[in-house]
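**Q** Next input, structure requested:
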Amino acid sequence: MVSDLLIYNIGTLITSKEIELSNKNLMENIEILTDAYVAIKNGTILLLGEGPYDKNIIDNKTILIDAEKSVVTPGLIDSHTHLVHGGSRENEMFLKAKGATYMDILNAGGGILSTVKATKEATKEELVEKAKISLKKMLAFGVTTIESKSGYGLDLETEIKQLEVNKILANEQPIDIVSTFMGAHAIPKEYKGKEEDFIKKVIKMLPIIKDKNLAEFCDIFCEHGIFSIEQSRKILKEAKKFGFKLKIHADEIESIGGAELAGELETTSSEHLMAISDEGIIALKNNGVIANILPGTSFYLKKEYAPVRKMIDYGVQIALSTDYNPGSCPTENLQLIMQIAALYLNMSPIEVIKAVTINGAKSLNKEKQIGSIEIGKKADLVIFNSKSLEYILYHFGINHTKMVIKNGDIVYNN
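**A** As a prediction, this is how the structure comes out:
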């Protein structure tokens, strides 16, 4: 079969296909080819290998791309973002510099609640245009799939508006968008002291969101002063009944057993985890829950980083994401997050790339379609302006992307 597009002369092809290795570190068990090529047909991977390619897989219509010995990886996956939101919160950065805590700002009507106000006031068209700017930046950094949460509505109308924006965006730009309903992101001021009434309200939203086919996942902010373990369990169990796959913001600020709850409910992923306990780590490992780590949040808030090396030693699978949001991590730069992970989480280059490719796909339950370069999977690839993966992590704060291919099409060419 003749290919539509062929990338050849690849110095290092990181396929992210999981393979058997003598090394027991399951965060490094991915395939790496040298002097390689990838052939693409009808938006999927047709063939790949090392050495010279078979001339029979090209003709005069095949687009040929010389990788010039560069690094090629699967399209990067940013599996935790709060993409769709109104406004910004730059003023909070300087309140924090003066000693204000996250909860201080939230209790004063700032934080998530200020973004809720801005998102409610924004039109759907305004939210679409604002998010498109961010998606264009993400694409330039090599991102081909993201997860996008609601949660800046806290009422049915605005939650639906955010999720409908995701649907519009999915059809108007190249990046694939996986939607997550996060109506339980904070307690609205009018429900202070009446938290159980708000929980009932969120539960009533679930069948409506599902009937409209607006979200695949349900997430909740399980944290002291936000949603307790019991409240989180109640909402997530109801969500599962309606067919949602589950995620949970867990142990971000305090260790209250969020990771243990993730294990109990067998959520697809558990997010943040800066304050995770040893029992929580074991619960994630024993129940196959992906630990979605967001080091940009620790960096921006000047907080402790999640104990990733301990998690890896226990055998937990790690994903890395930006947590792009207006309050605690206002960046679309997944490459910067990868660099922070190498510097501050002591992750190896292979661990980092696995965390933003095949493990990112696992955290979205999409590993059969994306996350690795394998025959039959979507042809989502990044060609980097680098001859080594190590250099991409070493030379920080710049964009190393040379070209992005999405579904077999060149969608970014630097």
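
**Q** Residue 373 and residue 332, how far apart?
**A** Distance of residue 373 to residue 332, computed by C-beta to C-beta, to the nearest Å: 24 Å. Quick note: C-beta positions are derived from backbone N, CA and C, even for glycine.

**Q** does residue 307 really touch residue 277, like I thought?
**A** No - with contacts counted by C-beta atoms under 8 Å, residue 307 stays clear of residue 277, the gap being 9.8 Å.

**Q** So between those two, which is more surrounded?
**A** residue 307 (20 against 17; other C-beta atoms under 10 Å).

**Q** Which of the helices or strands spans the residue nearest to the more buried one when sequence neighbours are not counted?
**A** Excluding the flanking residues, the one nearest residue 307 by C-beta to C-beta, 6 or more residues apart in numbering is residue 276, at 6.7 Å. Residue 276 is part of no helix or strand when elements are defined by DSSP states H and E.

**Q** on that earlier part again, neighbour-wise, which of residue 373 and residue 332 wins?
**A** residue 373 (29 against 23).

**Q** surely the more buried one meets residue 46?
**A** No - look at residue 373 against residue 46 with C-beta under 8 Å: they stay out of range, at 11.2 Å.

**Q** Neighbours of residue 11, how many?
**A** 18.

**Q** what does the one 5 residues further on give?
**A** Residues near residue 16, counting by other C-beta under 10 Å, number 25.

**Q** Surely it is in a helix?
**A** No - assessed with DSSP: H, G, I helix; E, B strand; the rest coil, residue 16 is strand; it does not lie in a helix.

**Q** that older thread, show me the contacts for the residue nearest to residue 307.
**A** 250, 251, 255, 258, 259, 291, 306, 307, 311 (C-beta atoms under 8 Å, 6 or more residues apart in numbering).

**Q** of the residues you listed, closest to residue 67?
**A** residue 291 (32.4 Å; C-beta to C-beta).

**Q** follow-up on the earlier one: got any residues that touch both of residue 307 and residue 277?
**A** Counting by C-beta under 8 Å, 6+ apart, nothing touches both residue 307 and residue 277.

**Q** Once you drop chain neighbours, what's closest to residue 114?
**A** Per C-beta to C-beta, 6+ apart, closest to residue 114 is residue 89, 6.3 Å.

**Q** sorry, back to before: out of the contacts of residue 276, which are buried?
**A** Using 16 or more other C-beta atoms under 10 Å as the burial test, these include 250, 251, 255, 258, 259, 291, 306, 307, 311 as buried.

**Q** Just send those back as TSV, with pLDDT and distance to residue 59 too.
**A** Formatted as TSV, the buried ones among the contacts of residue 276 follow (pLDDT from 0 to 100; distance: C-beta to C-beta, whole Å):
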residue	pLDDT	distance to residue 59
250	98	52
251	97	55
255	96	60
258	98	55
259	98	53
291	98	46
306	98	50
307	98	53
311	98	49
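
**Q** Next, residue 70: phi, psi?
**A** Per-residue torsions, residue 70: phi -80, psi 170 (degrees, to the nearest 10).

**Q** Check which residues of stretch 213-222 are buried.
**A** For stretch 213-222, using 16+ other C-beta under 10 Å, the buried residues are 214, 215, 216, 217, 218, 219, 220, 221, 222.

**Q** Filter those down to the ones in strands?
**A** Among those, DSSP state E puts 217, 218, 219, 220, 221, 222 in strands.

**Q** And the residue nearest to residue 114, how far from residue 10?
**A** Counting by C-beta to C-beta, the gap from residue 89 to residue 10 is 42 Å.
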